[in-house]
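[1] model the following, please.
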Amino acid sequence: MTNDTSNHRTRNRNILLAFLVVALLLAGGVSFYASSQPDGLNKVAADKGFDVNVRDHDLSGSPFAGYGTTGVDNPRLSKGLSGVIGVGITLLLGAGLFLVVRRRGSGGDGTAAGSADSRPGQATGT
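    Numbers count the residues shown, from 1 in each chain. Here you go, the predicted model:
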């Protein structure tokens, strides 16, 4: 590995870590200040009167329902913790999906799918 490649990877890692820190700070700190007013769809449903059949969804009893954490009495900590956990779950799912797509996209011989060497019907140069 050349020094240039190493610097590039270090720079990319630093940028990703900075984005992670910002996401966690926003989820953990700023989420407490999110509006408690209903969103647009709920407001229109209430204004137009077709919210009479509203019922809780099946996951309304889950530990993070209602943008809070069940069992945490401090409202600021409850919202912040649910935000940080949500960021963590989202990152894990995204990384897992990335790894699956990346592995599926590479050929068994280490060449990328779609490269000239792995496409059927292409000349191989031999």
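
[2] quick one, helices of this protein?
    Using DSSP state H, the helices of the chain run over 3-29, 40-48, 75-105.

[3] tell me the buried residues in the last one?
    Of the residues in helix 75-105, S78, K79, G80, L81, S82, G83, V84, V87 count as buried by neighbour count, 16 or more other Cβ atoms under 10 Å. (Glycine included, C-beta is placed from N, CA and C.)

[4] how about low-confidence regions in the chain?
    1-2, 36, 38, 107-126 (pLDDT under 70).

[5] spatially central residue for it, please.
    T90 (2.9 Å; Cα atoms, centre = their mean).

[6] circling back: how about the buried residues of helix 75-105 in a markdown table, adding distance to L97?
    Shown next, in a markdown table, are those (distance: Cβ to Cβ, whole Å):
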| residue | distance to L97 |
| --- | --- |
| S78 | 29 |
| K79 | 27 |
| G80 | 26 |
| L81 | 25 |
| S82 | 22 |
| G83 | 21 |
| V84 | 21 |
| V87 | 16 |
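
[7] just those now: which is nearest F32?
    The closest of the buried residues of helix 75-105 to F32 turns out to be K79 (Cβ to Cβ; 4.9 Å).

[8] ok, the closest one - contacts?
    S31, F32, A34, Y67, G68, T69 (Cβ atoms under 8 Å, 6 or more residues apart in numbering).

[9] could you tell me how many residues sit around the second one?
    A total of 14 residues lie near F32 under the criterion other Cβ atoms under 10 Å.

[10] please apply the same query to the third one.
    The local packing count at A34 equals 10, with neighbours defined by other Cβ under 10 Å.
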